[in-house]
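S.K.: sequence unknown, structure follows:
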């Protein structure tokens, strides 16, 4: 993996760069669509590549491990071959899913025991077998196994959790460095900064992660319920320490406003289920603001979904038509809304790249934030 910063914004910490894997070149800042179980829900791989123009997507280690299972993925030559996707893939470690299964998991020094949400069967994730699993999946970028702390949480809990995450990181790095990729492409390994919303813990974690000199670094445990300003404060602490010449990935974030604010604080990579999940439920993100397409006001509105031209979808479908499909429960409605939102997110970070390049990012961001926050 290679990463090069091409431009820096003069009014903020924003950077525009190029991240290269063996599968694709990825302009940063980048938003990565979430393909939990080997698919971005409702979107054909052809459309992800040609219309939405996503150079990288996510796979979910927890879900792929349980179904279809590692033997199936290995037989297909990894997730790329299994889902017929020839661009980059990043996989999370399963740590967040284990966090979300709080009632069905037990954390121990060796790893995390959990019960499958599918059939209740018992499984153990360790820092070592998570590396082995992601080797089989074949992701271009793989994550260290960590514990994602809830919000709010006590200082003692966050401190103990951070100690465990750092111990797991050392074991995961050792396993990564002592194993080879299964397929004919290289793989990168990103540690994850944790520490909840405690500045001292975040600083300690960022320093620990920076010492590992990994090819990139991730920031986890944010956007789990804390106020946005708390998240931004943690980013400022962490990004002041993480190596400036390595990509920084903020996990699970977020709204268009969150993304622009985080770019201005030095973040390069993002993922979130929001554009797909909210799209399926009729929420659309546009340059003018947020639309609940189910509202009666759109019933006879024949204008494009986004009149600014920030999505390919608006060339084909009106608000009235999309509302009809969503209200009627037609699958095409969820598909169009999902594709619109993903195209909008990708277009937003592409515009951020161009504004950083031209030296106008900060002024553009300040103009965009009020519009992106408006409910239409």
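M.R.: All right, it came through fine. Here the structure is a predicted model, which means the values were calculated and not measured. Numbering: from 1, shown residues only.

S.K.: Next, the distance between the ends of stretch 68-88.
M.R.: Start to finish, the residues bounding stretch 68-88 are 20 Å apart (CA to CA, to the nearest Å).

S.K.: Contacts for it next, please.
M.R.: 21, 23-24, 26, 35, 38-39, 45, 48-49, 54-57, 59, 64, 89, 91, 133, 136-141, 182-183 (CB atoms under 8 Å, 6 or more residues apart in numbering). Just so you know, the C-beta spots here come from the backbone N, C-alpha and C atoms, and that holds for glycine as well.

S.K.: I figured residue 375 hits residue 290, correct?
M.R.: Yes. Residue 375 is within contact range of residue 290, at 5.3 Å (criterion: CB atoms under 8 Å).

S.K.: returning to what we had before: just the ones in strands from the contacts of stretch 68-88, please.
M.R.: Counting by DSSP state E, those place 26, 56, 57, 59, 89, 91, 141 in strands.

S.K.: With adjacent residues omitted, what lies nearest to the fourth one?
M.R.: What that stands for is residue 59. residue 91 (4.7 Å; CB to CB, 6 or more residues apart in numbering).

S.K.: tally of neighbours for that neighbour?
M.R.: When neighbours are counted by other CB atoms under 10 Å, residue 91 registers 24.

S.K.: Any stretches of the chain with poor pLDDT?
M.R.: 99, 101-103, 307-315 (pLDDT under 70).

S.K.: redo that, cut-off 80
M.R.: 95-105, 306-316 (pLDDT under 80).

S.K.: So for it, the centremost residue is which one?
M.R.: The chain has residue 271 as the residue nearest its centroid, 1.8 Å off, counting by CA atoms, centre = their mean.

S.K.: all helices in the stretch 51-200 of the chain, in order from the N-terminus.
M.R.: Under the criterion DSSP state H, counting those that start in this stretch, the stretch 51-200 of the chain contains helices at 61-66, 70-75, 79-83, 95-100, 127-137, 155-177, 199-210.

S.K.: Mean neighbour count and distance to residue 262 added to those, as CSV?
M.R.: Converted to CSV, the helices of the stretch 51-200 of the chain look like this (neighbours: other CB atoms under 10 Å; distance: least, CB to CB, whole Å):
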stretch, mean neighbour count, distance to residue 262
helix 61-66, 22, 24
helix 70-75, 14, 32
helix 79-83, 19, 27
helix 95-100, 22, 18
helix 127-137, 23, 25
helix 155-177, 18, 21
helix 199-210, 20, 15
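
S.K.: mind putting the ones you listed in TSV, distance to residue 344 included?
M.R.: Below are the helices of the stretch 51-200 of the chain laid out as TSV (distance: least, CB to CB, whole Å):
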stretch	distance to residue 344
helix 61-66	26
helix 70-75	31
helix 79-83	23
helix 95-100	24
helix 127-137	28
helix 155-177	34
helix 199-210	31
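
S.K.: how about those, which one is nearest residue 114?
M.R.: Checking the helices of the stretch 51-200 of the chain against residue 114 by CB to CB gives helix 95-100 as the closest, at 5.6 Å.

S.K.: ok, and what's touching the closest one?
M.R.: Here helix 95-100 makes contact (CB under 8 Å, 6+ apart) with 60, 62-63, 105, 112, 114, 125, 143, 145-150, 192, 220, 251-252.

S.K.: May I see the ChimeraX selection of the buried members of the contacts of stretch 68-88?
M.R.: Buried residues among these (16 or more other CB atoms under 10 Å), as a ChimeraX selection:
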select :21,23,24,26,35,38,45,48,49,54,55,56,57,59,64,89,91,133,136,137,138,139,140,141,182,183
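
S.K.: The closest residue to residue 123 other than its chain neighbours: how many residues sit nearby?
M.R.: Spatial nearest neighbour of residue 123, excluding adjacent residues (CB to CB, 6+ apart): residue 114 at 5.9 Å. By other CB under 10 Å, 21 other residues sit near residue 114.

S.K.: got a list of what residue 114 touches?
M.R.: Counting by CB under 8 Å, 6+ apart, residue 114 touches 98, 101, 104, 105, 106, 122, 123, 124, 125.

S.K.: quick one: the residue nearest to the centre of the chain and residue 34 touch, right?
M.R.: Yes. Under the criterion of CB under 8 Å, residue 271 makes contact with residue 34 at 5.6 Å.

S.K.: Touching both of the two, which residues are there?
M.R.: Common contacts of residue 271 and residue 34 (CB under 8 Å, 6+ apart): residue 58.

S.K.: okay, residue 375 and residue 290: which has more neighbours?
M.R.: Taking neighbours as other CB under 10 Å, residue 375 and residue 290 compare with residue 290 leading, 17 against 9.

S.K.: what's across from that one in the sheet?
M.R.: Taking DSSP bridges, one obtains residue 285, residue 375 as the residues bridged to residue 290.

S.K.: Would you mind measuring from residue 283 to residue 369?
M.R.: Applying CB to CB, to the nearest Å, the value for residue 283 to residue 369 is 18 Å.
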